[in-house]
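In: Pasting the sequence and the predicted coordinates here, then a few questions.
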Amino acid sequence: MASIRNNLNHKSTEFRKAPPKHYEIKIVRRKTTPSWFMASTSVEMQSNILRDRLTNGKTLVVAEGYVFEFERRGYLQAGAFVPEVVTEHPELVKQLHEEFVHAGSDVVLAFTYYGHREKLRLIGKEDQLEVLNRKALAIASEVARETGMLFAGNICNTTVYRGDDPDSVQAVRDMFTEQVVWAVEAGVDFIVAETFAKFPEAMLALEVIKEVGKGVPAVVTLAASGRDVTAEGIPMEEACRQLEEAGATVVGLNCCRGPKTILPLMAKIRKVCKGPIACLPVTYRTSSEYPTFHSLIDPGSNQHAFPFDLPALCCSRREIKEFARECRDLGVEYVGLCCGNCSHYLRVVAEEYGRKPPASKYSPDMSQHFMYGDKSKFEQNSALLKTFQNGSS
Amino acid sequence: MLQTLFDPGFFFVNYPFSNCYALPKAVSHNKFDLIKETFILLCLRVQFSEPEETKSNIVTADHLREIRKSRNMPSSGRFLERLSNGQSLLVAEGYLFEIERRGYLKAGAFVPEVVLEHPHLVKALHEEFVHAGSDVVLAFTYYAHREKLRVIGKEDILENINRKALSIAKEVARETGTLFAGNICNTTVYVRDDEQAKALARSMFKEQVEWAVEAGVDYILAETFDEVGEAMLALEVIKQYGKGTPAVVTLVPSARDVTFDGLSYPEACLRLENAGAAVVGLNCGRGPETILPLIAEIKKVCKGPVACLPVPYRTSCQFKTMQSLVHPKTGEKSFPIDLPAHFVGRSEVLEFGLECKRLGVEYVGLCCGNCSHYMRTLAESYGRRPAASRFSPDMSQHYMYGDKAKFNKYNTEDLVAAKN
């Protein structure tokens, strides 16, 4: 593990100590796993695009936050949070995928979060389930192909999982199965199974991906509540370790916690997990007093900010930059941002991870500002600046 | 009170919907409780009903569009008629900051090169703002003037970028039946006693006004002026070369209560109104809390419509403008990179909108930092129901915070407790 960590901080192209075995062929992009691969019983022996993309110090920057961003743009309803925009304005979904790639995302994540049977039933649109999933996958597939990025499927917390109720467990299993099958048919490179507060639900998702996923690798991330344990009381790092052992290629945390409160948990996870780990916080200012964005109190009103007043608690770009740097130093290979993400934040993360995405062309250059800029260029405006700062004088 | 709102029994058995339109008598004295309840009620109202016409001068945007389409009026007539009947105009600005946020525009020079590089994104943002309630499609020519293009070494694209921006905006305005506005702004070369600088500023205004008039704008917005001198010059140019196109002229309020050339804002606005501006007021610089006192003063002296377009950031008496805001942890200036840390919540936008309506502000909107969810909130505070209201929050559907009858206690109580 020490050797992996040492490799992370430089961009060497050294291979691992043992030469690659014949079945560890590096493949850039494949849609289906050949049948002779399926003969091997161990998951590690199968071709794994995702793992290949994360060995030898390589990293992945992953944009999430589609639900919140469309809610912000007025095309998705807070409450149920269902991505109806996929069928209503597919061109806007395509644009946001492109925008996130432009800002540095290595992955185009199909917009099927909360596009599952239970959520559609809730809003009375269960009949659109398959259409919505297939459409979201098609849009993401198109953008991934055009931009050369990875194409990922997405399943998530069902909100109806009850471990002690076999009917509930079966229903959840069916929900995962249908979404995984559609994703595999669309040709995803890997599947993200995320935002699980309940450990057995996460394990069930992974099981389904292994069963019907035809070898497609899985990223499984948990949503950490205010306590450092799952809903069942298992420490987060132990839960991640178990998921890794059960065959998830990447494990970690997403959502709920902001940069400040997710990092301490990531440090613990780094210590116990051998493979790549994932970190995708929400972009809000959580703290030890208010560890999740559900708990955040708006200081102005002393009320819960979630969800209407969360903008008042956004991180600054500087905080996102610090977060990304700490992740990189910790050795997080799969990094991104969840709810609250947008391009200017993602670009910052990508740049900290050594990238220079197209959006870097538009990174700030305040020397060009007519008030703050290079004084030799903008002499007459420095007096003007004073009138805007700190009250009358 | 909030708990009972989510109880279906409260609605369906004891209280018919019409009672929900009335503001509840507050149980607590906390004004934010009141705002939140109003917000929730407004959301419920837009969810479950058509908006009432409580006053003759507040109508739905759709209704207004029908009126406009059915009449064949010249462009300027449309704008003036709108304002003369006591109707209000909702205006989305903030294109620069929003495109910067999306990674297609550079902070610093802040030039809208995106107009030529990704015109479809500009079109999409116009459409998004109309969807969220804007009555106006503002051509994206802010800082697309000669001086800014010179700074980034692209003076040669000046005419192209202006004409392209105007044509994109015109297309969306025609498709949606909204008003089409041209946009000129602070030149950054104007110097009070320097005749050469003034002549340069005048020529910059002239070329942009002429392109706007040729494109057929309904009115021209001249905005973000630090001093009355420059604002008057812009207005003069619109009068001289605008072929009768009406002008909206707004100043940017600094941290002081006077313009850069020493006039109080009410006085400055009155001068501009007397010189022929159809609408006068303030935009940018200050947030809702610190712009409102100035607007109240302006409303007292000006006879015609008044404009108010703050930045949606939490300015205060201590930090009156977005340029003075400091990062709460580091104490360093937040402008511009760390401004996300100072956003207002939607409740504050609602409060701002209600206050503007109470003051009688006819031309209202949001400037840098604006985005659709704020715009929709503002529109709803003015009694509108834009297309985006279909997506106004309905937290009764949330699996943790929602209607307890629909969701499992496992989520609504246990999980909520765990996440706090």
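Out: Structure received.
In: CA only for contacts and neighbour counts going forward, please
Out: OK.
In: which element is residue 142 on?
Out: Looking at chain A here, since you left the chain open. helix A:129-147 (DSSP states H and E).
In: in that helix, what counts as buried?
Out: Buried positions in helix A:129-147, judged by neighbour count with 16 or more other CA atoms under 10 Å in any protein chain shown: A:129-130, A:132-141, A:143-144.
In: Select the longest helix from the chain.
Out: In the absence of a named chain, chain A is used. helix A:166-186 (DSSP state H).
In: Not quite, go with chain B.
Out: Chain B, longest helix under DSSP H: helix B:195-215.
In: and the closest residue to residue B:234 other than its chain neighbours, how many neighbours does it have?
Out: Setting aside the residues directly before and after it, residue B:234 is nearest to residue B:205 in space (CA to CA, 6 or more residues apart in numbering or on different chains), at 6.3 Å. Residues near residue B:205, counting by other CA atoms under 10 Å in any protein chain shown, number 26.
In: for residue B:205, what are its contacts?
Out: Neighbouring residues of residue B:205 by CA atoms under 8 Å, 6 or more residues apart in numbering or on different chains: B:184, B:234, B:237.
In: Would you mind giving those residues as TSV with pLDDT and secondary structure added?
Out: What follows is those, written out as TSV (pLDDT from 0 to 100; DSSP: H, G, I helix; E, B strand; the rest coil):
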residue	pLDDT	secondary structure
B:184	98	strand
B:234	98	helix
B:237	98	helix
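In: So among those, which ones count as buried?
Out: For the contacts of residue B:205, buried by 16+ other CA under 10 Å: B:184, B:234, B:237.
In: Can you tell me which of those residues is nearest chain A?
Out: residue B:184 (16.7 Å; CA to the nearest CA).
In: The closest one against residue B:223, yeah?
Out: Yes - with contact defined as CA atoms under 8 Å, residue B:184 and residue B:223 form a contacting pair (6.6 Å).
In: Need the three-state assignment for the residue lying closest to residue A:362 once chain neighbours are set aside.
Out: In this structure, residue A:362 finds its nearest non-sequential neighbour in residue B:106, 4.2 Å apart by CA to CA, 6+ apart. Three-state assignment for residue B:106 (DSSP: H, G, I helix; E, B strand; the rest coil): coil.
In: gap between residue B:106 and residue A:367?
Out: 11 Å (CA to CA, to the nearest Å).
In: on that earlier part again, output the buried residues of helix A:129-147 in JSON lines; the columns should cover pLDDT and distance to chain B.
Out: Below are those laid out as JSON lines (pLDDT from 0 to 100; distance: CA to the nearest CA, whole Å):
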{"residue": "A:129", "pLDDT": "97", "distance to chain B": "18"}
{"residue": "A:130", "pLDDT": "97", "distance to chain B": "22"}
{"residue": "A:132", "pLDDT": "97", "distance to chain B": "18"}
{"residue": "A:133", "pLDDT": "98", "distance to chain B": "20"}
{"residue": "A:134", "pLDDT": "98", "distance to chain B": "23"}
{"residue": "A:135", "pLDDT": "98", "distance to chain B": "20"}
{"residue": "A:136", "pLDDT": "98", "distance to chain B": "19"}
{"residue": "A:137", "pLDDT": "98", "distance to chain B": "22"}
{"residue": "A:138", "pLDDT": "98", "distance to chain B": "21"}
{"residue": "A:139", "pLDDT": "98", "distance to chain B": "17"}
{"residue": "A:140", "pLDDT": "98", "distance to chain B": "18"}
{"residue": "A:141", "pLDDT": "98", "distance to chain B": "21"}
{"residue": "A:143", "pLDDT": "98", "distance to chain B": "16"}
{"residue": "A:144", "pLDDT": "97", "distance to chain B": "19"}
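In: which one of those residues sits closest to residue B:384?
Out: residue A:132 (30.4 Å; CA to CA).
In: if I pick residue A:92, what's in contact with it?
Out: Residue A:92 neighbours (CA under 8 Å, 6+ apart): residue A:85.
In: Tell me which helix or strand it sits in.
Out: Using DSSP H and E, residue A:92 falls in helix A:90-102.
In: mean confidence score for that helix?
Out: What helix A:90-102 shows for mean pLDDT is 98.
In: hey, C-alpha coordinates of that helix in CSV?
Out: C-alpha atoms of helix A:90-102 as CSV (Å, rounded to 0.1, in the frame of the first residue of the first chain):
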residue,chain,number,x,y,z
PRO,A,90,-32.8,16.7,-23.2
GLU,A,91,-30.8,19.4,-25.0
LEU,A,92,-30.2,21.1,-21.6
VAL,A,93,-29.0,17.8,-20.0
LYS,A,94,-26.6,17.4,-22.9
GLN,A,95,-25.4,20.9,-22.5
LEU,A,96,-24.7,20.4,-18.8
HIS,A,97,-22.7,17.2,-19.5
GLU,A,98,-20.7,19.2,-22.1
GLU,A,99,-20.2,22.1,-19.6
PHE,A,100,-18.9,19.8,-16.9
VAL,A,101,-16.5,18.1,-19.4
HIS,A,102,-15.4,21.5,-20.5
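In: List the buried residues for it?
Out: Here helix A:90-102 shows A:90, A:92-102 as buried, counting by 16+ other CA under 10 Å.
In: so after that helix, what's the next helix or strand?
Out: Counting by DSSP H and E, the element after helix A:90-102 in chain order, helix or strand, is strand A:107-109.
In: Give the pairing partners of that next one; include direction for each.
Out: The sheet places strand A:107-109 alongside strand A:150-156 (parallel), with pairing taken from DSSP bridges.
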